[in-house]
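Participant: After the sequence you'll find the predicted model.
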Amino acid sequence: MAIPEILFIGGLVVGAAVSSIVYLDCARREIPVKGRLLQTVVFGALSFVGFLVPHVFSSQLRYVYFQVIKPRPVAVSPYEWLAVNLATGFLIGVALLLLYFTGSRRYPLTTFSID
């Protein structure tokens, strides 16, 4: 399997997990159904796209990883680069969850009108 396919599968798995967490939190806080579905879809889709970001910006990610984080010339296995891509997508998903939890507490969706 090539890296884009693995990132696609990882994005589907983490996107579904993020969507589930957002939906359950919205249900617990009794957000209306439209707002609940809107937040679930938006954060799940953004999490999925977050896994495709490392593939789209691979040259920039390579520079940051190999020049800034790991500048010494050390042999690199292909699994290390895959792990960097997966970790980047996972960190984007975690950042989106943190953004959801802090934003939804500070600016609740119930204050906005979704008709």
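Facilitator: Nice, thanks for sending it over. Residues are numbered from 1 along each chain as shown.
Participant: Every contact and neighbour count from this point should use C-alpha atoms.
Facilitator: Fine.
Participant: Find the residue at the geometric middle of the protein.
Facilitator: By C-alpha atoms, centre = their mean, the mean C-alpha position of the chain lies nearest to G93, the distance being 2.3 Å.
Participant: which residues of this protein fall in helices?
Facilitator: Counting by DSSP state H, one finds helices in the chain at the ranges 3-28, 33-56, 58-63, 78-106.
Participant: Kindly compare burial across the ones you listed and name the winner.
Facilitator: helix 33-56 (a mean of 19; mean count of other C-alpha atoms under 10 Å).
Participant: tell me the pLDDT at the nearest residue to A45 once chain neighbours are set aside?
Facilitator: With C-alpha to C-alpha, 6 or more residues apart in numbering as the criterion, A45 has its nearest non-adjacent residue at 6.5 Å, and that residue is G15. Model confidence at G15, expressed as pLDDT, equals 94.
Participant: same question, L109
Facilitator: 66.
Participant: And the contacts of stretch 57-77?
Facilitator: Contacts to stretch 57-77, defined as C-alpha atoms under 8 Å, 6 or more residues apart in numbering, come from residues P54.
Participant: mind listing what's buried in that stretch?
Facilitator: 61-62 (16 or more other C-alpha atoms under 10 Å).
Participant: Check the offset of that stretch from the chain's centre.
Facilitator: Centre-to-centre, stretch 57-77 and its host chain are 21 Å apart (C-alpha atoms, centre = their mean, to the nearest Å).
Participant: got it, and stretch 23-31?
Facilitator: 20 Å.
Participant: for stretch 23-34, same thing?
Facilitator: The chain centroid and the centroid of stretch 23-34 are separated by 20 Å, computed with C-alpha atoms, centre = their mean.
Participant: Turn the helices of the chain into JSON lines, including distance to P71.
Facilitator: As requested, the helices of the chain are exported to JSON lines (distance: least, C-alpha to C-alpha, whole Å):
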{"stretch": "helix 3-28", "distance to P71": "23"}
{"stretch": "helix 33-56", "distance to P71": "19"}
{"stretch": "helix 58-63", "distance to P71": "10"}
{"stretch": "helix 78-106", "distance to P71": "15"}
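Participant: that older thread, setting aside sequence neighbours, what's the nearest residue to the residue nearest to the centre of the chain?
Facilitator: S47 (5.0 Å).
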